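>>> got a structure for you, letters missing:
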């Protein structure tokens with residue numbers, strides 16, 4: 001097996017698994033409306049698949065070897081490394097998820113500021129949000145998340161198995177919260193980011209777009225004042241003022257003149273009273 005064939009096979013395997021799972025969810029939830037739903041998202045789905053292929057086959061391999069080497073070197077050896085050995089494995093895993101979400105929360109908020117928005121705008125461009133929308137990340141934005149999100153848990157010497165499993169759980173949850181379903185998860189939605197809560201983050205209203213930055217848990221949004229109850233906004237319109245693009249258009253998006261104009265508005269975080 002060649003060095004290139006492994007990521008290709010992994011990409012196709014994950015795509016098949018997620019496609020089967022969310023295909024069944026779509027059939028159960030949408031029933032007779034599933035054909036119309038597929039028609040609405042088919043163009044953007046093709047764009048998202050193309051971007052996912054670039055990120056998986058080009059960007060990820062660039063980080064795979066150094067990340068594995070760094071994780072192996074610091075595994076249990078960094079500051080607090082020995083501390084994790086004395087804790088139950090479930091507790092270690094939960095801490096890993098919470099800490100990765102903490103870093104990703106602030107990285108996500110920074111991406112909504114002017115300097116990084118031109119790269120993050122690609123992710124918000126879907127007008128027919130669906131489970132593949134999680135893959136709609138400009139390669140530069142993908143590099144930023146790969147570079148930042150795991151830094152804290154690696155630096156404090158968390159076990160490699162916990163980092164890997166936490167990343168896999170967060171990835172699966174990321175696909176779930178982008179699914180086109182109006183689920184708030186009831187009382188569990190107070191703790192976990194739901195599809196409805198994350199759809200609100202993708203809302204066309206740029207004021208409300210500055211809410212619900214979390215990927216997995218609501219803790220950091222609630223602690224830092226960016227949580228917004230999604231119940232009044234179920235099935236809200238998604239997208240951005242700049243509009244959606246095709247595959248090549250999304251890759252070129254950050255260098256459009258509009259993102260370099262001095263008057264370009266930022267996405268604003270609403271006051272707590274508004275949320």
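Cool, got the structure. These figures come from a predicted structure and were not determined experimentally. Numbering: from 1, shown residues only.

>>> who are the contact partners of residue 241?
By Cβ atoms under 8 Å, 6 or more residues apart in numbering, the contact set of residue 241 is residue 206. The way it works is simple: take the backbone N, C-alpha and C, and place the C-beta from them, glycine included.

>>> now it, what's its secondary structure?
When classified by DSSP: H, G, I helix; E, B strand; the rest coil, residue 241 comes out as coil.

>>> per-residue confidence at it?
Model confidence at residue 241, given as pLDDT, is 92.

>>> next, give phi and psi for it.
Main-chain dihedrals, residue 241, degrees, to the nearest 10: phi -60, psi -40.

>>> and it, how far from residue 204?
According to Cβ to Cβ, to the nearest Å, residue 241 and residue 204 sit 8 Å apart.

>>> same question for residue 132.
19 Å.

>>> of those two, which one has the most company?
Using other Cβ atoms under 10 Å as the criterion, residue 132 and residue 204 rank with residue 132 on top: 24 against 14.

>>> which pLDDT value does the model give that one?
For residue 132, the model assigns a pLDDT of 94.

>>> I'd like the distance between it and residue 41.
Taken as Cβ to Cβ, the span from residue 132 to residue 41 is 8 Å.

>>> try residue 240
Applying Cβ to Cβ to residue 240 and residue 41 gives a distance of 16 Å.

>>> over to residue 85?
From residue 85 to residue 41 the distance is 46 Å (Cβ to Cβ).

>>> shaky segments in this structure?
Applying pLDDT under 70 to the chain flags residues 1-7, 64-65, 67-81, 262-275.

>>> after the host helix or strand of residue 61, which helix or strand is next?
Using DSSP states H and E, residue 61 sits in helix 60-74. Sequence-wise, the next helix or strand downstream of helix 60-74 (DSSP H and E) is helix 89-111.

>>> helices and strands around that next one, which ones?
helix 114-124, helix 139-148, helix 151-155, helix 160-177, helix 219-223 (3 or more Cβ pairs under 8 Å, 6 or more residues apart in numbering; DSSP states H and E).

>>> what is the second one packed up against?
Judged by 3+ Cβ pairs under 8 Å, 6+ apart, the packing partners of helix 139-148 are helix 60-74, helix 89-111, helix 114-124.

>>> now do the fourth one
Taking 3+ Cβ pairs under 8 Å, 6+ apart as contact, the helices and strands that helix 160-177 lies on are helix 60-74, helix 89-111, helix 151-155, helix 195-201.

>>> which of those helices sits closest to residue 215?
With respect to residue 215, and counting by Cβ to Cβ, the nearest of these is helix 89-111 at 5.6 Å.

>>> quick check: angle from the closest one to helix 114-124?
Counting by axes from the mean of the first three to the mean of the last three Cα atoms, to 10 degrees, helix 89-111 lies at 110 degrees to helix 114-124.

>>> contacts for helix 89-111 next, please.
Under Cβ under 8 Å, 6+ apart, the answer for helix 89-111 is 84, 87, 116-117, 119-120, 141, 144-145, 148-153, 156, 158-159, 162-163, 165-167, 169-170, 213-217, 219-221, 224, 226, 269.

>>> that one to helix 139-148, inter-axis angle?
140 degrees.

>>> how about helix 89-111: buried residues?
Neighbour counts over helix 89-111 (16 or more other Cβ atoms under 10 Å) mark 92-93, 95-97, 99-105, 107-109, 111 as buried.

>>> burial of residue 259, as a residue count?
Using other Cβ under 10 Å, residue 259 is surrounded by 16 other residues.
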